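Trainee: quick one: sequence and predicted model below, then my questions.
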Amino acid sequence: MLGVWGLGGIGKTAIARVIYNSISYQFDGASFLPSVCKQSMPEVQKELLSHITGLFYKGLTVDEGINEIKNKLRQKKVLMVVDDVDSLSQLKYLVPNQDWLGKGSRIIITTRDKHLLLEHGVDAMYEVQGLDFEESIHLFSLYAFQAGFPKQAYKGLFRNIVNYSEGLPLALKVLGCFLFDKPIDEWESALYKLKHQSMKEIQDVLQVSYDRLDYKTKDIFLDIACFFKGEEREFVSRILDGAEKAITDLYNKSLLTFSNNKIMMHPLLQQMGQGVVHQACPQEPGKQSRLWRSEDVHRILLKNEGTDAIEGIVLNISAAERIEFTTKAFKMMNKLRLLKVCRDHKCGSMVHVSTDFEFPSYELRYLHWDGYPLESLPSNFHGEKLIELNLQNSELRGLWEGSKYSLFQLLEKLKVINLSRSQQLIQIPAFSNTPNLESLILEGCTNLENIPSSIWDWDSLVNLDLSRCSKLQGLAEIPWNQYSLEYLNLAFCTNLESLPESLCNLKCLKTLNVIGCSKLPDNLGSLECLEKLYASSSELISPQSDSSLAGLCSLKVLDVHGTNLMQRAISGDIGSLYSLEELNLSYCNLTEEEIPDDICCLYSLRVLDLSGNLFLRVTDAISQLSKLRELGLRHCKSLLEFPKFPSSLRVLDAHDCTGMKTVSNTSELKWQLKCFKSAILQEIQELKYRRLLSLPANGVSQDLVLGSEVRIELPRDWYVKDFLGLALCCVYIPQQGEPESSTSENAMVNITQPYHLGCELTDSVWVTYYSNVAIKHRYRSDKPRHLMASFSGHVNGKPVKVKSVGLVLYAFQAQHSTDQLRLKLVSHVRYVEFHFCSRVLDPHDLFLIFLHFNFIC
């Protein structure tokens, strides 16, 4: 039993129909039951029985239908497609028990509701995804141009249509049919209208899923469509009452998705949801429940048209706008739950508010106002239901001072206060009326000198951010039983001379950031739960300090770059940090004596940055770091030779190591060959697409091809089981003017480099390796082909010219060795796009690779 689920119009029925037509002949009987949710169950049962038995049925009740299905289908090998199911009862009346069917029977169920499939207990589920760009162009062209490809004259327009549809087959089909044989001006007119309102035929299909929701879930869907698309799931769940269950239901019904824990929604679904709100009262925005269009918000504020129907307002203010908030305009908005005012921070405060401004806040759950212009909250402010208060870049001098209520009311639901960069703020209250506050963010409050000692008494406080509070004079003593705080940020608190010894009482502290501060307490090692310590550009750890890191048994990240660590300042502690995964010791004036041999005890270390130091050689103990993936040695100008490397290493950045005369004959080549032989199979299994090297340019191989492009003919049977991947290399130099840029929407794989690399703008080299799994299935073929790569890029915003390039195929031979090795040199790459596209160069089924990258210094 297979369940196929996905968004309305995504192609579930089409997929099921293709499968049905392809295999139905293999069964004793077959039945395709379309749109089950729109039919009465007795009619669907009769249709199923007629398809399987060839007999005509009439007058069956539901129970009689179940018994008849059980009796007639028991001995038959049947194929059933149950299309567009929206309730469990429909499956119960058609296939209550898979054992009723004969051996070898198959059932395919299509639905918009994943949870329904889970409840019914299907054997497997398939989520239908949207089409990619190339597939979308092809489908749209079939309807708009009656051909498999678009007309050149419509190039810019059809791309906009395809982008608007975002892979939804229904939209591509409907729009293609609508625009067929129409002139360009009608295409342009249609595109303009689509930005504001979807076509009814598309919206009707999508709205079916919305109409099936319960009242509470509909409310959450509309809030997300109007206000919260792209926001963190945890944030939305916190702000909206009962949202977590609704969010799960919406996901199961294909009405939203998640990307990096952010809530995403197909643009056409978002447009449908916003249309539901707008159509409630299209001519009078003041009577709509949610306002997100700037023109609508401007109108109700200018004409004082606000009503008690309004529950949420989001206003994005540009530098060209100026708007006035008045008490009269807000007076009737008694149901206001959400108020968000955003502005471009470069334009200053563009909202004019009188000093006696008030607005209804009895129902307010979320208040976000960038550049809040008053010195305190309104005098009538009520925060009993407030969950998050975000007043970044405000003119606040105090928080509750203007309110005659907030000092006495209990704000027990308030969890987050963010007053960051409120540079006029001189004091904060004791917050005794906020017992459940979890996060207090005061970053960049440059006039704040003290925080109340009662802050350590809060049992719920998890995050405290005091970074860049440059006048902060000190921290109060921390009681011994402080178990809630997990994140403490004191970065660049330049006036903070020392931290209290009682810092060790933060028993559950996981992240401590003291970048640019002065001195840590000596008992730092007692923070057994600490996982991340950022202490760069400071004198926190020095030979004169008694601070010890030895007890930090949970530490995973240690960053002390730019800190003076001469005279073996931390060498005695490093080897004991068994949990360490990332270690940054760059620009710490280290010589070879300062890097202890017991660094090999860091069995979990994945990233090690030793850049910008003074050593001539690096200890060979690094070769014993079996999990090391990235090693930074850039700007080590005294470095004479490379150490032995572990076979696990994937990224080596050794740019601008000017003390090395050449690298062509060093152990680097042997190391690289060893890596390919010993680790490439694991690399493929882990779907890791690239290996990077960054070395001085004076060791460049001279057998590269001059120019910015390289083209090779792939041999017959090039994509065989022993094929490893592609190696690409280029040498670049500065140039004047902008380089030409090649683009392709049909990206094969996108790769983001996980770190910034420093460099000087001189002749530099870049190499990368792509394993075979990086190549999409449709390009894997044993046909003769040609392969071309082109390169372009920038360094420090300046264009570079590619002098020469190289491209090599790698495969295992019978002895499991590589047949060629040209991987020698790489430079600093931040972002890489690797493309295959179907542009034909000649009749022999060619395909192109375009390789683009931006350089970060």
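Mentor: Happy to help now that I have it. A quick note: this is a predicted structure, and the numbers were derived from the prediction, not measured.
Trainee: where does pLDDT dip in the chain?
Mentor: Judged by pLDDT under 70, the chain has its weakly predicted residues at 319-320, 344-349, 400-408, 518, 538-548, 565-573, 661-716, 718-857.
Trainee: any idea how far Lys114 is from the residue most central in space within the chain?
Mentor: Centroid check for the chain by CA atoms, centre = their mean gives Asn260 as the closest residue, at 3.8 Å. According to CB to CB, to the nearest Å, Asn260 and Lys114 sit 20 Å apart. Backbone N, C-alpha and C define where each C-beta goes, glycine included.
Trainee: try Lys253
Mentor: Lys253 is 8 Å from Lys114, by CB to CB.
Trainee: could you check which of those two is surrounded by more residues?
Mentor: With neighbours defined as other CB atoms under 10 Å, Lys253 and Lys114 compare such that Lys253 has more, 24 against 19.
Trainee: surely that one is in contact with Ser209?
Mentor: Yes. The criterion here is CB atoms under 8 Å, and Lys253 meets it with Ser209 at 5.6 Å.
Trainee: please enumerate the shared neighbours of those two.
Mentor: Arg112 (CB atoms under 8 Å, 6 or more residues apart in numbering).
Trainee: how about Pro267, what does it touch?
Mentor: Residues in contact with Pro267, defined by CB under 8 Å, 6+ apart, are 164, 166.
Trainee: all strands for the stretch 101-250 of the chain, in order.
Mentor: For the stretch 101-250 of the chain, the strands defined by DSSP state E, counting those that start in this stretch cover 106-111, 124-127.
Trainee: and Val277, which of the ones you listed is closest to it?
Mentor: Nearest to Val277 among the strands of the stretch 101-250 of the chain is strand 106-111 (26.8 Å), distances taken as CB to CB.
Trainee: show me what the closest one is packed against.
Mentor: strand 2-5, helix 12-23, strand 78-85, helix 114-120 (3 or more CB pairs under 8 Å, 6 or more residues apart in numbering; DSSP states H and E).
Trainee: so Ile313, which state does it fall into?
Mentor: Ile313 carries the three-state label strand when classified by DSSP: H, G, I helix; E, B strand; the rest coil.
Trainee: which non-adjacent residue is nearest it?
Mentor: Leu291 (4.9 Å; CB to CB, 6 or more residues apart in numbering).
Trainee: now Asn160
Mentor: Here the residue nearest Asn160, using CB to CB, 6+ apart, is Leu191, at 5.6 Å.
Trainee: gap between that neighbour and Lys173?
Mentor: Taking CB to CB, one finds Leu191 at 17 Å from Lys173.
Trainee: higher neighbour count, these two?
Mentor: Lys173 (20 against 16).
Trainee: that one reaches Ser141, doesn't it?
Mentor: No. At 11.4 Å, Lys173 does not count as touching Ser141 under the criterion of CB under 8 Å.
Trainee: got the phi and psi for the residue lying closest to Glu477 once chain neighbours are set aside?
Mentor: Nearest residue to Glu477, sequence neighbours excluded (CB to CB, 6+ apart): Ser502, at 4.9 Å. Backbone torsions of Ser502, given as degrees, to the nearest 10, read phi -70, psi 0.
Trainee: picking that back up, tabulate the helices and strands packed on strand 106-111 in a markdown table, adding columns for distance to Gln203.
Mentor: Output for those, formatted as a markdown table (distance: least, CB to CB, whole Å):
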| stretch | distance to Gln203 |
| --- | --- |
| strand 2-5 | 21 |
| helix 12-23 | 19 |
| strand 78-85 | 18 |
| helix 114-120 | 23 |
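Trainee: looking at those, spot the one closest to Gly54.
Mentor: Smallest distance to Gly54 across these (CB to CB): 12.8 Å, for strand 78-85.
Trainee: okay, buried residues for that closest one please.
Mentor: 78-85 (16 or more other CB atoms under 10 Å).
Trainee: and those, which two are furthest apart?
Mentor: It's Val78 and Asp84 that sit farthest apart of the buried residues of strand 78-85, by CB to CB, at 19.7 Å.
Trainee: so how far is Ile66 from the nearest residue to Thr111 once chain neighbours are set aside?
Mentor: Leaving out its chain neighbours, the residue that sits closest to Thr111 by CB to CB, 6+ apart is Val85, at 4.6 Å. Applying CB to CB, the value for Val85 to Ile66 is 16 Å.
Trainee: ok, now Asn393?
Mentor: From Asn393 to Ile66 the distance is 65 Å (CB to CB).
Trainee: repeat for Asp656
Mentor: 77 Å.
Trainee: who has more neighbours, these two?
Mentor: Asp656 (24 against 20).
Trainee: ok, the nearest residue to the more buried one once chain neighbours are set aside - contacts?
Mentor: In this structure, Asp656 finds its nearest non-sequential neighbour in His635, 5.0 Å apart by CB to CB, 6+ apart. By CB under 8 Å, 6+ apart, the contact set of His635 is 611-612, 655-657, 758.
Trainee: of the residues you listed, which is the nearest to Ile239?
Mentor: When the contacts of His635 are compared against Ile239 (criterion: CB to CB), the nearest one is Gly758, at 40.6 Å.
Trainee: who's in contact with stretch 494-504?
Mentor: By CB under 8 Å, 6+ apart, the list of residues contacting stretch 494-504 from outside reads 470-480, 490, 514, 516-524, 526-527.
Trainee: let's see that with 6 Å instead.
Mentor: Contacts with stretch 494-504, where a contact means CB atoms under 6 Å, 6 or more residues apart in numbering, come from 470-472, 475, 477-478, 517-519, 521, 523, 526.
Trainee: do the same with stretch 303-316
Mentor: Contacts of stretch 303-316 (CB under 6 Å, 6+ apart): 227, 286-287, 289-292, 297, 300, 328-330, 332-335, 337-342.
Trainee: looking at these, which are in strands?
Mentor: Judged by DSSP state E, strands contain the following of those: 290-291, 338-342.
Trainee: about what we covered before: same list (the buried residues of strand 78-85) but as CSV, adding distance to Asn304.
Mentor: Listed next are these as CSV, based on distance: CB to CB, whole Å:
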residue, distance to Asn304
Val78, 67
Leu79, 65
Met80, 61
Val81, 58
Val82, 55
Asp83, 52
Asp84, 48
Val85, 50
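Trainee: is it possible to export the contacts of stretch 494-504 to TSV including distance to Trp100?
Mentor: Below are the contacts of stretch 494-504 laid out as TSV (distance: CB to CB, whole Å):
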residue	distance to Trp100
Ser470	75
Lys471	77
Leu472	73
Leu475	71
Glu477	73
Ile478	67
Cys517	72
Ser518	77
Lys519	76
Pro521	72
Asn523	71
Ser526	66
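Trainee: pull out the buried residues from those.
Mentor: By 16+ other CB under 10 Å, these give 472, 475, 478, 517, 519, 521, 523, 526 as buried.
Trainee: helix, strand or coil: sort out the fifth one for me.
Mentor: Using three-state DSSP, the structure places Lys519 in coil.
Trainee: not counting sequence-adjacent ones, nearest residue to it?
Mentor: Nearest to Lys519 is Ser498, by CB to CB, 6+ apart, at 4.8 Å.
Trainee: next, find the distance separating that neighbour from Gln473.
Mentor: Applying CB to CB to Ser498 and Gln473 gives a distance of 11 Å.
Trainee: quick one: Asp296 and Pro285 touch, right?
Mentor: Yes. Here Asp296 reaches Pro285: they are 3.8 Å apart, a contact under CB atoms under 6 Å.
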